[in-house]
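J.: how does the following fold in three dimensions:
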Amino acid sequence: MICIGEIRKQDYKKAQQFAIDGMHLNWYLDKGFILDLYSKYFWHMELNRATKVYGAYADGKFVGVLLADINGEAKPYCSFWRTLFVRIFDILQHIAAGEGVGAYDKANQEMFSSFCRTNTPDGEIVFLAADPYCKIKGIGTALLSALEASEKGKLIYLYTDNACTYQFYEHRGFTRSQERDIVIDLKNKRVPLKCLLYSKTIQ
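T.: This is a model prediction of the structure:
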C-alpha cells in the first residue's frame, strides 16, 4: 500500500538519487562527485520554490516524490541557505560547462511564453520521480492523485524531455502543448534532446 505524506528530511538524499536516475543526469555528467553535487543543486533549487511537497512511502520506505509550485501558495521549504547554495552553483556551472547549459532553460522559456499566449496556468509540477528499483506499481499515479485532490479546477503544466518517461503524463490525461528540439553543447559532448511542455486542467 502506498501512503502519501510529508517527505522526511532524511529522505532528501534518496530524492536526489531519483533525479539522477529519472532524468539520466549521468548522460551529461561523467564524474561521480560532480553528478552528486548537481543532483543536490537540482533538488534544493526545486524544493526551494515548491508550495506542495509530497513523499510516497510503502511499508515506511521512501519510494517517490512530487514537488509543485502553485501560484499564490506559501513556499514552506524556502530558506536563505538553500537559495545561496543554488545561486553559487549557478555561477560555477556556467563557468565549468560553458554556454551550452543554457539551451535547456532557453527552450523551456520559449515554450512557456508560447503556451501563455493562449493559456493562464495556475501552477507547475517541478519534480516527479519514483524509485526505479521499487517493484510496487502506481507510485507516480498516487502522487499525482494527491496533488489533483487539492488543486481541482487548476491548469497545471510541467517540463520534461524525450529522455524521460514522458508517456506517463499522456496516460494521466496531460496534453503535449509545446515542444522544441535542442542540442546541449557541453565542452566534451553534444546531446540532442526534444524538450516538451505538458499541461492539464485538473478535474
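J.: in terms of contact, does Glu73 touch Ala50 like I think?
T.: No - between Glu73 and Ala50 no contact is recorded; they are 9.5 Å apart, counting by Cβ atoms under 8 Å. C-beta: built from backbone N, CA, C; applies to glycine.
J.: compare these two (neighbour count), which wins?
T.: Taking Glu73 and Ala50 together and counting by other Cβ atoms under 10 Å, Ala50 has the greater number of neighbours (23 against 15).
J.: contacting residues around that one?
T.: Residues in contact with Ala50, defined by Cβ atoms under 8 Å, 6 or more residues apart in numbering, are Leu67, Ala68, Asp69, Lys75, Tyr77, Val126, Phe127.
J.: hmm, which two among those residues are most spread apart?
T.: The largest distance within the contacts of Ala50, taken as Cβ to Cβ, falls between Lys75 and Phe127 and amounts to 14.1 Å.
J.: neighbour-wise, which of these two wins?
T.: Phe127 (23 against 15).
J.: isn't that one up against Asp69?
T.: No - at 9.9 Å, Phe127 does not count as touching Asp69 under the criterion of Cβ under 8 Å.
J.: which element is encountered next along the chain beyond the worst-scoring helix or strand of the chain on mean pLDDT?
T.: Taking mean pLDDT, DSSP states H and E as the measure, the helices and strands of the chain show their lowest mean at helix 80-97, namely a mean of 77. Beyond helix 80-97 on the C-terminal side, the first helix or strand identified by DSSP states H and E is helix 102-115.
J.: so which elements touch that next one?
T.: With contacts defined as 3 or more Cβ pairs under 8 Å, 6 or more residues apart in numbering; DSSP states H and E, the secondary structure elements packing on helix 102-115 are strand 155-161, strand 175-185, strand 190-201.
J.: please point out which parts of the first one sit buried.
T.: Residues of strand 155-161 classed as buried under the neighbour-count rule (16 or more other Cβ atoms under 10 Å) are Ile156, Tyr157, Leu158, Tyr159, Thr160, Asp161.
J.: I figured the fifth one hits Tyr166, correct?
T.: Yes - applying Cβ under 8 Å as the test, Thr160 and Tyr166 come out as touching, 4.8 Å apart.
J.: spit out the residues that contact the two alike.
T.: Common contacts of Thr160 and Tyr166 (Cβ under 8 Å, 6+ apart): Leu196, Tyr198.
J.: name the helix or strand for Lys13, please.
T.: With elements delineated by DSSP H and E, Lys13 resides in helix 12-22, which encompasses its position.
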